[in-house]
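Asker: test case, fold it:
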Amino acid sequence: MRHQTVPTSSTVPPVDDALPTGGSLTRELRAVWALWQREMLRLVRSRTQVAMTLLSPLLFLFLLGPGLDTMLDTPATGAAGADRGSYVGYLFPGILIMAVQMPALRAGGAIVRDREAGLLRATLVAPVRRDTLLVGRCMGGASAAALQAALLLILGPLVGLPADPGLLLLLFGAMWLIAFSLTMLGALAAVLVRRVETFQAMLGMVTLPLVMLSGALFPVGALPGWLTPVILANPLTYAVDAIRRMASVEGVGPVGSGPVWGGWQPPVALELAVMVLLGLLALVVAARRFNRTD
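Answerer: Reported below is the predicted structural model:
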């Protein structure tokens, strides 16, 4: 009997048809590659969605930022009486994280949509591990989110970011790691809910608080002390501070907006490691739940 495969997309071949007949490792890697390609095709074909995703960060960067820059009397460094740096320069790293956050977390919505449409079941019949399929989706979603943020990264020299190709490449790599961690958190949420509406409501509930308590818009030191545990538990706190310290935007000195552990500020590498470990933990939990998906 001839094997028939239910198509998973009108533009992307089914995952099992894309797999070679070689060894198991080859099949696993090919599955990851096929799912990564699927997300890249979605990105290329969703130009309007990309534009809408970048609209909010651009409004913050070119409207809110300059507007507040003319109103602030306190320096961007937080030290009264000092020469005020550029608030737009302070805001830019937070804008980059905002541009990464939404598409990365939203990538998990594809799992919920595929489950409701019955396409997830067709994907699960592929002769590969289910957690491999989850990794492939997360890698594709992270790459799409990082590439969208990279469109804003090229505007960095306009706000004082050094036009150094090496620095830009380093920032892109850090944003990809952050996007991968956030995508895995989104995937964890996606495997725990059954309806698209529930997933969207969950994102709407957590997105703004995560940004507001991360230091993206203002130093977290200006927030009430009782919020410190929440700030330290917020993964975006480490992401924003790592990007801000790496960027070294001209005119913006040390702002003290990052996490502090008992009077000690962790280095950038440790902040990124926190993000990666958090994402890997989310991946392990999501994979165990995904393996029980029917």
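Asker: tell me the pLDDT at Ala145?
Answerer: pLDDT recorded at Ala145 is 90.
Asker: check which residues of stretch 151-165 are buried.
Answerer: Across stretch 151-165, burial judged by 16 or more other CB atoms under 10 Å covers Leu152, Leu153, Gly156, Val159, Gly160, Leu161. Every C-beta, even on glycine, is put in place using the N, C-alpha and C of the backbone.
Asker: residue contacts, the fourth one?
Answerer: When you say that, I think you mean Val159. Neighbouring residues of Val159 by CB atoms under 8 Å, 6 or more residues apart in numbering: Leu61, Ser86, Val88, Gly89, Phe92, Val249.
Asker: measure it to Pro57 for me?
Answerer: Using CB to CB, to the nearest Å, Val159 is found at 12 Å from Pro57.
Asker: would you mind measuring from Gly225 to Ile154?
Answerer: 39 Å.
Asker: do Arg38 as well
Answerer: Distance of Arg38 to Ile154, given as CB to CB: 26 Å.
Asker: most neighbours out of the contacts of Val159, which is it?
Answerer: Phe92 (27 neighbours; other CB atoms under 10 Å).
Asker: and the gap between it and Leu151?
Answerer: 14 Å.
Asker: picking that back up, taking the buried residues of stretch 151-165 together, which two end up most distant?
Answerer: Leu152 and Gly160 (14.3 Å; CB to CB).
Asker: in the longest helix along the chain, what counts as buried?
Answerer: In the chain, taking DSSP state H as the definition, the longest helix is helix 165-192. Residues 168, 171, 174-191 are the ones in helix 165-192 that count as buried (16+ other CB under 10 Å).
Asker: repeat that for stretch 220-240.
Answerer: Buried-residue list, stretch 220-240, by 16+ other CB under 10 Å: Val220, Ile231, Asn234, Pro235, Leu236, Thr237, Tyr238, Ala239, Val240.
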